[in-house]
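In: how does the following fold in three dimensions:
(chains A and B)
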Number of protein chains: 2
Amino acid sequence: MKEAGSVISKLYALGAIGFSEGVGTSRVAYTEPFFEGRKYTESLMKEAGLVTRIDSVGNLFGMYPGKSNKKILIGSHLDTVPGGGMYDGALGVLGGIECVGRLIREGCRFNHTIEIVGFIEEEGNAVGGTFGSRCFAGVPFGEKEVAAMVKYGVTPDDASNAKCNPDDYLCYIELHIEQGGLLESRNTSVGIAEGIVGIIRYAAAVKGESNHAGSTPMSLRSDAMMKSCDIIRQLAELVKQADESMVCTVGDFHIPGGAVNVIPGRTEFPIELRYKNVPDMEKVIDKLKRRYPESDMELNQFLNQKETVLDPKISNTVEKICERQNISSVRMFSGAGHDAINTAFIMPSALIFIPSVGGISHSIREYSRPEDIETGISVLCELIKDLDKGEQL
Amino acid sequence: MKEAGSVISKLYALGAIGFSEGVGTSRVAYTEPFFEGRKYTESLMKEAGLVTRIDSVGNLFGMYPGKSNKKILIGSHLDTVPGGGMYDGALGVLGGIECVGRLIREGCRFNHTIEIVGFIEEEGNAVGGTFGSRCFAGVPFGEKEVAAMVKYGVTPDDASNAKCNPDDYLCYIELHIEQGGLLESRNTSVGIAEGIVGIIRYAAAVKGESNHAGSTPMSLRSDAMMKSCDIIRQLAELVKQADESMVCTVGDFHIPGGAVNVIPGRTEFPIELRYKNVPDMEKVIDKLKRRYPESDMELNQFLNQKETVLDPKISNTVEKICERQNISSVRMFSGAGHDAINTAFIMPSALIFIPSVGGISHSIREYSRPEDIETGISVLCELIKDLDKGEQL
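Out: Residues are numbered from 1 along each chain as shown, chains lettered A, B, ... in the order given. Reported below is the predicted structural model:
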């Protein structure tokens, strides 16, 4: 607990950059507060004895050489959403620096080179979500994304030049706040992500018959709003029946030409499902389609993002560490996207969660308790030591 | 049926003024097409032998003198919604002219003076709903309405000067399309309105907890969208249980800051109820409030419009006319507002409906069959004759 004080004061110092009272921390990628926050983080890396560099898209790296050039990569992202908190992303970067600093102070001599990364633009408020780690992993970009990056002074060549050589890396480890309430509700200290959920999104349009809200009896109505309420409730039921970890969200809703005294003839809203595999989500959508044919509801898919499978061997190692340190842990899927989605394409990757109080994130109210932060950092330290022995991979 | 041809060709001619292909008839009050349509109607009045005048707010009158100065007023409105049909309003005015024309041709000598009215701005697309008949009935205006009328070149003095002397009038009769599907669904030719429904409107705000759509399990969500679906469905159930003629509509819906990947923390939507009495509607709202306390849902009333009671003696007369002419009829409440709301404040008023095919109105698809129009006109003719005898009032 004494030790956590150091990293917590640094999280506060980083969180103060871009902070405004009543709003939260706005350290959006490619803005001044972001660059200032990155500079502060670089100074912490240097303090800990790391050799730093910034790549062609703005990702920050801090390296501590080991016997081998093969690297264990540890980190997360340095940007926040507008009005965000001080733990999302920052914990994985500052926590990584803290671990390496402690291990160096303990006199640890590494077999592998240890590298800490602070990725840029994970949140997607500038170029697009997980942009920095996409460049690092060499995930190709479309025309739309190229147009977006150019706005922030990043050329397609810059994006290509940020691509790493996967052969240089042993694995990637990301320590992150959960951003949900599962760990808290189960009173569990550590979440071990087996993967990151797949996401499917549909544009839904529900059709009825627009009519006069006064002169049409309830029995003669085809009210698109009432039908939408039924459809959304049934969708939620089907999702709950499918699996307790599947989720669905209707986060927006429109009635074109809506008016207080007109029975809606059409509604439009997005449907999002997240789960550990896409086919099971599509089964839910198929069931919904069987109940509501095209004459009632049109569904057009606009996102089909496959799930990410994280490395089971590292997960087992994390689990064993928790067992021997008497820390409660649970295997879970991450419902939120993370930089590990991209690193998983090119190297064994792991994602470790600590609880978020009230499950709140992307908010000034985002908070993780010091004892949970210390638990996360101590697990990360042990994991670095175990992985450095090279037995698990 | 032969006779109806005449009025139908005139309805077509009036409907052609302001008509545009694929859109419908747009004869909005105080626009050029409205004035052109009123001019055409005035020419029809003169053709039928009526003495015409236009009052200070733009209502058109056509008078046929009888033995007494006491007037039987017959009519409806001459404006349409943008993209409206050719029957709503127009039927009551042209149908009235048709009746008087027929009765004059039949050699009928009236005890009362017969006056046909074409009210301006019933639809509320300029100054406000039923503006012309409000002025005629002397219903007072607030500041907001005065500001609105001035925009259309109508001064508060003009509005006052349009007020009639109620002592001059025996009664008001409005023939109108139903704008609903009740008559059609019951295969009935004539609807006799006992009144016009009261309306209550509330601004509803449903409260939940905004959160990340990926990392919050269904079981830990307080999703304002899902809660809203439950509330709206339960409202509809309570309304159906209360009475088959009570209706409720949620015609618009907003999620402030809505996004595909955010669990809604708040939704906002209007609730409208219509029924023949306000207290029964308020009972429904009270039941809903008991199920959903203020922590779940805020409800703020923004309209409380009392029901209109139409004249039971004239209704009885209409019913008897239908019986002796072997025309099917039904007593009903009007779910839509009409100029009769205002005339009812100052004189016995009646409202007679004929079927709307598919219950459709305020649309290019608005249609009433020639046989139904003829039935309406023949009932109106009989009613004028009966009322002119003066026995029923």
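
In: does A:V247 touch B:G214 like I think?
Out: Yes - between A:V247 and B:G214 a contact is recorded at 7.1 Å, counting by CB atoms under 8 Å. Every residue, glycine included, has its C-beta placed from N, CA and C.

In: so between those two, which is more surrounded?
Out: Between A:V247 and B:G214, A:V247 has the larger neighbour count (other CB atoms under 10 Å in any protein chain shown), namely 28 against 21.

In: before we move on, the earlier item: what do A:V247 and B:G214 both touch?
Out: A:R274, A:G335 (CB atoms under 8 Å, 6 or more residues apart in numbering or on different chains).

In: ranges for the strands of the stretch 251-393 of chain A?
Out: Ranges of strands within the stretch 251-393 of chain A are A:262-263, A:266-275, A:297-305, A:308-309, A:329-334, A:349-354, based on DSSP state E, counting those that start in this stretch.

In: got the angle for the longest one vs strand A:297-305?
Out: In terms of direction (axes from the mean of the first three to the mean of the last three CA atoms, to 10 degrees), strand A:266-275 departs from strand A:297-305 by 30 degrees.

In: which neighbouring elements make contact with strand A:266-275?
Out: Applying 3 or more CB pairs under 8 Å, 6 or more residues apart in numbering or on different chains; DSSP states H and E, one finds that strand A:266-275 contacts strand A:198-207, helix A:224-242, strand A:247-249, helix A:278-291.

In: which stretches of the stretch 101-250 of chain A form strands?
Out: For the stretch 101-250 of chain A, the strands defined by DSSP E, counting those that start in this stretch occupy A:113-119, A:169-177, A:190-196, A:198-207, A:211-212, A:247-249.

In: ok, which of the ones you listed comes nearest B:I352?
Out: Judged by CB to CB, the one of those that comes nearest to B:I352 is strand A:211-212, at 17.8 Å.

In: looking at the closest residue to A:G66 other than its chain neighbours now. What's its pLDDT?
Out: Distances taken as CB to CB, 6 or more residues apart in numbering or on different chains put A:F110 closest to A:G66, at 3.5 Å, once the chain neighbours are dropped. Predicted confidence (pLDDT) for A:F110: 96.

In: which ones are touching A:F110?
Out: Neighbouring residues of A:F110 by CB under 8 Å, 6+ apart: A:Y64, A:G66, A:K67, A:L103, A:D388.

In: now A:G195
Out: Neighbouring residues of A:G195 by CB under 8 Å, 6+ apart: A:K276, A:E307, A:T308, A:V309, A:L310, A:F333, A:S334.

In: quick check: bridge partners of it?
Out: Beta-bridge partners recorded for A:G195 (DSSP bridges): A:V309, A:F333.

In: distance of it from chain B?
Out: For A:G195, the distance to chain B equals 13 Å [CB to the nearest CB, to the nearest Å].

In: next, count neighbours for A:E47.
Out: The tally of other residues near A:E47 (other CB under 10 Å) stands at 11.

In: list the buried ones in the host helix or strand of A:A13?
Out: Counting by DSSP states H and E, the element that carries A:A13 is helix A:4-16. Across helix A:4-16, burial judged by 16 or more other CB atoms under 10 Å in any protein chain shown covers A:A4, A:V7, A:I8, A:K10, A:L11, A:L14, A:G15.

In: need the residues that contact whichever helix or strand comes after it.
Out: As assigned by DSSP H and E, the chain's next helix or strand after helix A:4-16 is strand A:19-20. Residues from elsewhere that reach strand A:19-20 (CB under 8 Å, 6+ apart): A:T25, A:S26, A:M86.

In: correct me if wrong: the second one contacts A:M86.
Out: What that stands for is A:S26. No - in this structure, A:S26 is not within contact of A:M86 by CB under 8 Å, at 11.5 Å.

In: which of these two has more neighbours?
Out: Counting neighbours by other CB under 10 Å for A:S26 and for A:M86 shows that A:M86 has the greater number, 26 against 19.

In: which SSE is the more buried one in?
Out: Counting by DSSP H and E, A:M86 is part of no helix or strand.

In: dump the residue contacts of the closest residue to it other than its chain neighbours.
Out: Leaving aside its sequence neighbours, A:M86 sits nearest to A:G15 (CB to CB, 6+ apart; 2.6 Å). With contact set as CB under 8 Å, 6+ apart, A:G15 has these partners: A:T25, A:G85, A:M86, A:A90.

In: pick out whichever of the residues you listed sits closest to chain B.
Out: Chain B lies nearest to A:G85 out of these, by CB to the nearest CB, at 11.9 Å.

In: isn't A:V23 up against A:R365?
Out: No - using CB under 8 Å, A:V23 makes no contact with A:R365, being 11.5 Å away.

In: can you list contacts of the lowest-mean-pLDDT helix or strand in chain A?
Out: Counting by mean pLDDT, DSSP states H and E, chain A has its least confident helix or strand at strand A:211-212, which shows a mean of 85. With contacts defined as CB under 8 Å, 6+ apart, strand A:211-212 is touched by A:221, A:261-263, A:265, B:179-180, B:335-336, B:359-362.

In: want to try TSV for these, with pLDDT, distance to B:P156 and neighbour count as columns?
Out: Putting the contacts of strand A:211-212 into TSV (pLDDT from 0 to 100; distance: CB to CB, whole Å; neighbours: other CB atoms under 10 Å in any protein chain shown) gives the following:
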residue	pLDDT	distance to B:P156	neighbour count
A:R221	93	40	22
A:N261	87	27	20
A:V262	88	31	18
A:I263	93	36	24
A:G265	93	39	18
B:Q179	91	32	24
B:G180	88	36	27
B:G335	92	32	25
B:A336	91	28	24
B:G359	89	39	24
B:I360	88	37	21
B:S361	88	32	25
B:H362	87	30	21
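
In: make a ChimeraX selection of whichever of the contacts of A:G195 turn out to be buried.
Out: Buried residues among these (16+ other CB under 10 Å), as a ChimeraX selection:
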select /A:276,307,308,310,333,334
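
In: for the contacts of A:G15, which one is nearest A:V150?
Out: Nearest to A:V150 out of those is A:T25 (CB to CB; 27.1 Å).

In: tell me the pLDDT at the residue of chain A positioned farthest from its centre?
Out: For chain A, the residue at maximal distance from the C-alpha centroid (CA atoms, centre = their mean) is A:S215, at 50.3 Å. Per-residue pLDDT puts A:S215 at 85.

In: so it touches B:Q179, yeah?
Out: Yes - counting by CB under 8 Å, A:S215 touches B:Q179, with 4.3 Å between them.

In: quick one: common contacting residues for these two?
Out: B:G335, B:A336, B:G359, B:S361.

In: redo the residues you listed as a markdown table? Include distance to B:D296.
Out: What follows is the shared contacts of A:S215 and B:Q179, written out as a markdown table (distance: CB to CB, whole Å):
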| residue | distance to B:D296 |
| --- | --- |
| B:G335 | 30 |
| B:A336 | 32 |
| B:G359 | 35 |
| B:S361 | 36 |
